[in-house]
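Asker: Following is a predicted model, sequence given first.
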Amino acid sequence: MIAPVSGASRKGEPRIPVEDRLFSLVLALLATETGLLKSEILSSVRGYAERYDDSGQNANLERQFERDKDDIRELGIPLETVESPDRPGDNQALRYRIPKGLYDLPDEVRFTPDELALLGLAAEVWREASLSADSQRALTKLRSLGIEPREPVIGYAPRLRVRDAAFEPLRQALDRRQSVRFHYFKPGEGAPRERTVDPLAVVLHEGRWHLHAFDRDAGAPRTFLLSRIIGAVEPVPGMTFDAPPADIQDRVLAELDELRSRNAADLAVTAGSDAEVRLGRRAVLRDEDAGVIRLHYTDVAVFADELAAYGPEVRVIAPDSLREAVRERLATVVAAHRGGGAA
């Protein structure tokens, strides 16, 4: 959060807590790609700006900023220092920033559903704080300095996908070892079908929530995408089950990882396109000359939905099943537009 005004210290104003100042500094450095000069930080960021002296007597503030930088880095936050090419060696020309891409969690870091629920609440706190009146005034001040803030950081909450409607009733069923019933839409089937299952684990894989459960109708374990559950998840009265093994989540995630490693797609992407940028980040192999990348995926229907959204920017070379799935989606879009006629 950035202070609404700069200027000399104002008497009678309460001291800004350290945590508030560090949060404000992180938010400010995330909100700009080019970075901020030290003078811009000290005159604008909440926790410094209240004590900033326009005449330049800010030695104490500068020392405070140096300590705060160390504290932020010790927390594992990648605060970068960028030297001005026009003024090499000039500390007053250094810019500070936090690259958003480096701030993301590593792929190998995983959380339990309860931990993710708590992180989801923390994300909402971040969102509310970044949307506060002080922060909105801060954006105006950054723009007045000629700095265009990176808007997705403001009002941004990490997408942990704890908001799937089925998540909470399934979590409760897991805690109570209660069988449940719901309607599930499986790709390729004409309509949702009712399933009665014993929930064994809810895991997050590739940004999507999955339910691993024993399907009582099929008599075998199955894994379901929460986003494909239609309508309410209802407990089945009098139907319970034994506690699953303690390592069930690790086993399910390992199975999903193995499935993902078996599914590989070769894609031709248009140079300089959004598809090349976004899909290229996940490429495991790349042929720059041919413009072809290889990606792994878990669910063919989910991946086909994603690829179809890029339109002509991406073409599936292999496998055939994925290529046909994308074609079907594009054909559906064309048919819908033809049927709708001109607006």
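Answerer: On my side now, so go ahead.
Asker: Need the contact partners of the biggest helix by length in the chain.
Answerer: Secondary structure of the chain per DSSP state H: the longest helix is helix 320-340. Helix 320-340 has contacts (Cβ atoms under 8 Å, 6 or more residues apart in numbering) with Ala265, Tyr297, Val300, Ala301, Phe303, Ala304, Asp305, Leu307, Ala308, Gly311, Val316, Ile317. C-beta: built from backbone N, CA, C; applies to glycine.
Asker: most neighbours, which of the residues you listed?
Answerer: In terms of neighbour count, Leu307 stands highest of those at 26 neighbours, by other Cβ atoms under 10 Å.
Asker: roughly how far apart are the nearest residue to it once chain neighbours are set aside and His337?
Answerer: Closest residue to Leu307 apart from its sequence neighbours, by Cβ to Cβ, 6 or more residues apart in numbering: Val326 at 5.1 Å. According to Cβ to Cβ, to the nearest Å, Val326 and His337 sit 17 Å apart.
Asker: more crowded one of the two?
Answerer: Val326 (24 against 10).
Asker: What ranges does the stretch 1-150 of the chain have for its helices?
Answerer: Counting by DSSP state H, counting those that start in this stretch, the stretch 1-150 of the chain has helices at residues 18-30, 38-44, 59-74, 100-103, 113-130, 133-144.
Asker: quick one on the thing from earlier: ok, the contacts of helix 320-340 vs Asp217, which is closest?
Answerer: Ala301 (21.3 Å; Cβ to Cβ).
Asker: okay but that closest one is in contact with Phe185, surely?
Answerer: No: checked against Cβ atoms under 8 Å, the pair Ala301 and Phe185 is beyond contact range at 10.2 Å.
Asker: By mean pLDDT, point me to the weakest helix or strand of this protein.
Answerer: helix 133-144 (a mean of 50; mean pLDDT, DSSP states H and E).
Asker: Next secondary structure after that helix?
Answerer: helix 167-176 (DSSP states H and E).
Asker: just checking, what packs against that following helix?
Answerer: On a contact count with 3 or more Cβ pairs under 8 Å, 6 or more residues apart in numbering; DSSP states H and E, helix 167-176 meets helix 113-130, strand 178-184, strand 193-205, strand 229-240.
Asker: Neighbouring strands - and their directions - for the last one?
Answerer: When pairing is defined by DSSP bridges, strand 229-240 lines up against strand 178-184 (antiparallel).
Asker: Give the buried residues for the strand it pairs with.
Answerer: By 16 or more other Cβ atoms under 10 Å, the buried positions in strand 178-184 come out as Gln178, Ser179, Val180, Phe182, His183, Tyr184.
Asker: again, but for stretch 253-267
Answerer: By neighbour count on 16+ other Cβ under 10 Å, the buried set for stretch 253-267 is Leu253, Leu256, Arg260, Asn263, Ala265, Asp266, Leu267.
Asker: And for the second one, nearest residue in space, chain neighbours not counted?
Answerer: Meaning Leu256. His205 (4.6 Å).
Asker: what's the closest non-adjacent residue to Val314?
Answerer: Closest residue in space to Val314, ignoring its immediate chain neighbours: Ala275 at 4.4 Å, by Cβ to Cβ, 6+ apart.
Asker: what about dumping the CA coordinates of stretch 183-194 to CSV?
Answerer: Written as CSV, here are the backbone C-alpha positions of stretch 183-194 (Å, rounded to 0.1, in the frame of the first residue of the first chain):
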residue,chain,number,x,y,z
HIS,A,183,-24.4,-35.5,-10.8
TYR,A,184,-21.2,-35.6,-12.9
PHE,A,185,-20.7,-34.5,-16.5
LYS,A,186,-18.2,-36.7,-18.2
PRO,A,187,-16.9,-35.5,-21.6
GLY,A,188,-18.4,-37.6,-24.4
GLU,A,189,-21.6,-38.3,-22.5
GLY,A,190,-24.8,-36.6,-23.5
ALA,A,191,-25.9,-35.7,-20.0
PRO,A,192,-24.7,-35.6,-16.4
ARG,A,193,-24.9,-39.0,-14.6
GLU,A,194,-25.6,-39.5,-10.9
